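Participant: quick one: sequence plus predicted model below, questions after.
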Amino acid sequence: MEPDEGLATLTMTDTDLLTDFETARPRLRGLAYRLLGSLSDAEDAVQECFLKWQAADRTAIDNPAAWLTTVCTRHCLDVLKSAQRSRVDYVGPWLPEPLAGTEEGDPEQQVALASSLSLAFLTLLERLTPKERAAYLLREIFDQDYAEVAEIIGATEPNCRKLVSRARDYVKGERPRAVVPVERQQSLLESFLGALGSGDTDRLSSLLSEDIRLTTDGGGKAHAIREPLFGVERIVHFFRVIFINNAGQGRIEMSLLNGAPALIVELDGMVVTALSFDWDDDGRIREILIMRNPDKLERLQGIYQSVGVL
């Protein structure tokens, strides 16, 4: 069938159905990604919403956006419940899948909520219970009122307020007070990259916060440390052994991941490592998240190949 023939067979009802859903799609995808930490799982959640939207009696739905948000959130909560066991059995730390900043036209790159997309923020959310995470995201990031959040997650409004309050206190206690501007992050990361290239460990040390933490995710499929590293000395030693002593093996490029400057390591035309960073109030690196799991790098590989970076 030619594409035009397919479009010609759409009725007005079909068109309305698609319009309502496509309008909601970026928000649903953003919500699902923040909840699940996986792009493929987020896209599955959005597809599940579409199937239920198609099958629903839409004459009984007053607010399509609210209906779709409810379906998406509850599906994600079910996925998180079933994923708990697999994440317990995961080899080493589990980190969210990086989101490439080169996805042209991606609405996630356009929202003024980049800090809620950072890998450090998503990793922090992983330490909340699924319902705390959903309630916090819906209230604090997606601006739903408490009554709506309570209806969506199937809780009473007082209980919902407690969930959001606990999550807010935890996030506030773990996050820096100020957000380092992206341009400043980029400049600092260039200094970091320069220190790696020259082997200047004193310069490298000066860029790290005293309470810095480094976490790697290899998923049992790539070499990675299985416990987080803490402290300047241990982390400088890590970079000396892994990067400085192996200079020339592979290529390190600046990139944009989850809306923030990041580093991509390419070896023989393959993306083998992605490094994301979080910054303290003084502009020093407070957290480094290193993705080595090839399954979670597969999408980056495809994107960078398609734009000719690799």
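Facilitator: Received it, and whenever you're ready, just let me know what you need. Numbering: from 1, shown residues only.
Participant: show me the strands in the stretch 151-300 of the chain, by range?
Facilitator: Using DSSP state E, counting those that start in this stretch, the strands assigned to the stretch 151-300 of the chain run over residues 208-217, 229-230, 251-257, 260-267, 270-279, 285-291.
Participant: so for residue 136, which of these sits nearest?
Facilitator: Taking CB to CB as the measure, the strands of the stretch 151-300 of the chain were each checked against residue 136, and strand 270-279 came out nearest at 18.3 Å. Using the backbone N, CA and C atoms, a C-beta is placed for each residue, glycine as well.
Participant: so residue 166 is in contact with residue 133, correct?
Facilitator: No - taking contact to mean CB atoms under 8 Å, the distance of 10.9 Å between residue 166 and residue 133 leaves them out of contact.
Participant: between those two, which is the more surrounded one?
Facilitator: For residue 166 versus residue 133, the count of surrounding residues by other CB atoms under 10 Å is larger for residue 133: 24 against 15.
Participant: how far away is the closest residue to the more buried one other than its chain neighbours from residue 96?
Facilitator: Distances taken as CB to CB, 6 or more residues apart in numbering put residue 125 closest to residue 133, at 5.0 Å, once the chain neighbours are dropped. According to CB to CB, to the nearest Å, residue 125 and residue 96 sit 9 Å apart.
Participant: equivalent analysis for residue 70, please.
Facilitator: Counting by CB to CB, the separation of residue 70 from residue 96 is 23 Å.
Participant: will you turn the strands of the stretch 151-300 of the chain into a markdown table that also has distance to residue 42, mean pLDDT and mean neighbour count?
Facilitator: Written out in a markdown table, the entries for these read as follows (distance: least, CB to CB, whole Å; pLDDT from 0 to 100; neighbours: other CB atoms under 10 Å):
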| stretch | distance to residue 42 | mean pLDDT | mean neighbour count |
| --- | --- | --- | --- |
| strand 208-217 | 18 | 96 | 19 |
| strand 229-230 | 29 | 97 | 14 |
| strand 251-257 | 16 | 90 | 17 |
| strand 260-267 | 19 | 92 | 20 |
| strand 270-279 | 18 | 94 | 22 |
| strand 285-291 | 17 | 96 | 24 |
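Participant: among these, which is nearest residue 115?
Facilitator: Of all the strands of the stretch 151-300 of the chain, the one in closest proximity to residue 115, counting by CB to CB, is strand 260-267 (8.5 Å).
Participant: what strands line up against the closest one, and which way round?
Facilitator: As defined by DSSP bridges, the strand partners of strand 260-267 come to strand 251-257 (antiparallel), strand 270-279 (antiparallel).
Participant: and that strand, how far from the chain's centre?
Facilitator: What separates the centre of strand 260-267 from the centre of its chain is 15 Å, taken as CA atoms, centre = their mean, to the nearest Å.
Participant: how many residues are close by the closest residue to residue 296 other than its chain neighbours?
Facilitator: Closest residue to residue 296 apart from its sequence neighbours, by CB to CB, 6+ apart: residue 97 at 4.3 Å. Taking other CB under 10 Å as the neighbour definition, residue 97 ends up with a count of 25.
Participant: same check on the one 4 residues further on?
Facilitator: When counting by other CB under 10 Å, one arrives at 19 neighbours for residue 101.
Participant: was I right to think it contacts residue 257?
Facilitator: Yes - with contact defined as CB under 8 Å, residue 101 reaches residue 257; the gap is 6.0 Å.
Participant: thinking again about what came up before, residues near the residue nearest to residue 133, how many?
Facilitator: Neighbour count for residue 125, taken as other CB under 10 Å: 23.
Participant: next one: residue 181
Facilitator: Burial measure for residue 181: 11 neighbouring residues, criterion other CB under 10 Å.
Participant: circling back: who has more neighbours, residue 70 and residue 96?
Facilitator: More neighbours sit around residue 96 than around the other of residue 70 and residue 96, counting by other CB under 10 Å; the figures are 26 against 18.
Participant: low pLDDT regions in this protein?
Facilitator: Screening the chain residue by residue with the criterion pLDDT under 70, one finds the ranges 1-14, 102-114, 304-310.
Participant: hey, where'd the helices end up in it?
Facilitator: 3-8, 12-36, 39-55, 64-88, 119-125, 130-136, 146-153, 157-174, 182-198, 201-206, 232-239, 294-306 (DSSP state H).
Participant: let me have these in JSON lines, extended by distance to residue 274.
Facilitator: Supplementary listing: the helices of the chain in JSON lines, determined by distance: least, CB to CB, whole Å:
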{"stretch": "helix 3-8", "distance to residue 274": "36"}
{"stretch": "helix 12-36", "distance to residue 274": "16"}
{"stretch": "helix 39-55", "distance to residue 274": "13"}
{"stretch": "helix 64-88", "distance to residue 274": "20"}
{"stretch": "helix 119-125", "distance to residue 274": "9"}
{"stretch": "helix 130-136", "distance to residue 274": "23"}
{"stretch": "helix 146-153", "distance to residue 274": "32"}
{"stretch": "helix 157-174", "distance to residue 274": "22"}
{"stretch": "helix 182-198", "distance to residue 274": "13"}
{"stretch": "helix 201-206", "distance to residue 274": "19"}
{"stretch": "helix 232-239", "distance to residue 274": "15"}
{"stretch": "helix 294-306", "distance to residue 274": "6"}
